[in-house]
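> coordinates for the following, if possible.
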Amino acid sequence: MSFPSVRPEPQGTVPIDLPEGPYGVPDKFLHGFQNARNGTMQVHPLEYSERHWEENKRKMDFMMLRNTQGLHAPLRLQMESFIVNKPQRLPGLHSSNILYDSLTGRDQLLTFEDVLSNPADSEVMGQPHAMMEKQLNIL
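The predicted structure is shown next:
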């Protein structure tokens, strides 16, 4: 009886090519403007690992839960996180997601996004009708 590996496997070393036009340059009219950073490979071998740290940690925690408590434990946590993420406020109002943060343990962390990138503290209010149409995929 062998359990699957707990360690995540890196899958981010695949180069992505930009679509090219007839003269070897990307066609802006067909494909639009693209970020040149998306088409490059990682600068350092740890870059992929650092970008996907939370996802890898969650997978590793789920695998350890499965190995110790059985299949029901990670399924139950996934169900709880899905239920907690479901109720959201209207687009003009800020949702704190405090229950999801306490479920994942993120409420005890202080990250860069917590200090400098809070959209609720924005000085400019968007158009609520346009934001609601975008959320409902009408636009």
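
> make it CA atoms for all contacts and neighbour counts henceforth
Will do.

> now for the protein, the helix or strand with the poorest mean pLDDT.
One helix or strand of the chain scores below all others by mean pLDDT, DSSP states H and E: helix 28-31, with a mean of 69.

> just the element for residue 84, please.
helix 72-85 (DSSP states H and E).

> now do the next helix or strand after that helix: which elements does it pack against?
Using DSSP H and E, the next helix or strand after helix 72-85 towards the C-terminus is helix 98-104. Judged by 3 or more CA pairs under 8 Å, 6 or more residues apart in numbering; DSSP states H and E, the packing partners of helix 98-104 are helix 72-85.

> return the set of buried residues in the helix it packs on.
Judged by neighbour count using 16 or more other CA atoms under 10 Å, the buried positions of helix 72-85 are 73-74, 81, 84.

> just how off-centre is that helix within its chain?
17 Å (CA atoms, centre = their mean, to the nearest Å).

> which helices and strands does it pack with?
With contacts defined as 3+ CA pairs under 8 Å, 6+ apart, the packing partners of helix 72-85 are helix 53-69, helix 98-104.

> kindly reformat those helices as JSON lines and extend each row with mean pLDDT, mean neighbour count and distance to residue 45.
What follows is the helices and strands packed on helix 72-85, written out as JSON lines (pLDDT from 0 to 100; neighbours: other CA atoms under 10 Å; distance: least, CA to CA, whole Å):
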{"stretch": "helix 53-69", "mean pLDDT": "92", "mean neighbour count": "15", "distance to residue 45": "13"}
{"stretch": "helix 98-104", "mean pLDDT": "90", "mean neighbour count": "14", "distance to residue 45": "27"}
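
> in whichever strand or helix holds residue 113, what counts as buried?
Assessed by DSSP H and E, residue 113 sits inside helix 112-116. Judged by neighbour count (16+ other CA under 10 Å), helix 112-116 contains no buried residues.

> okay, it in PDB with CA atoms only?
In PDB, the C-alpha atoms belonging to helix 112-116 read as follows (Å, rounded to 0.1, in the frame of the first residue of the first chain):
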ATOM      1  CA  PHE A 112       2.300  43.000   1.200                       C
ATOM      2  CA  GLU A 113      -1.300  43.000  -0.200                       C
ATOM      3  CA  ASP A 114      -2.700  43.600   3.300                       C
ATOM      4  CA  VAL A 115      -0.800  46.900   3.700                       C
ATOM      5  CA  LEU A 116      -0.600  48.500   0.200                       C
END
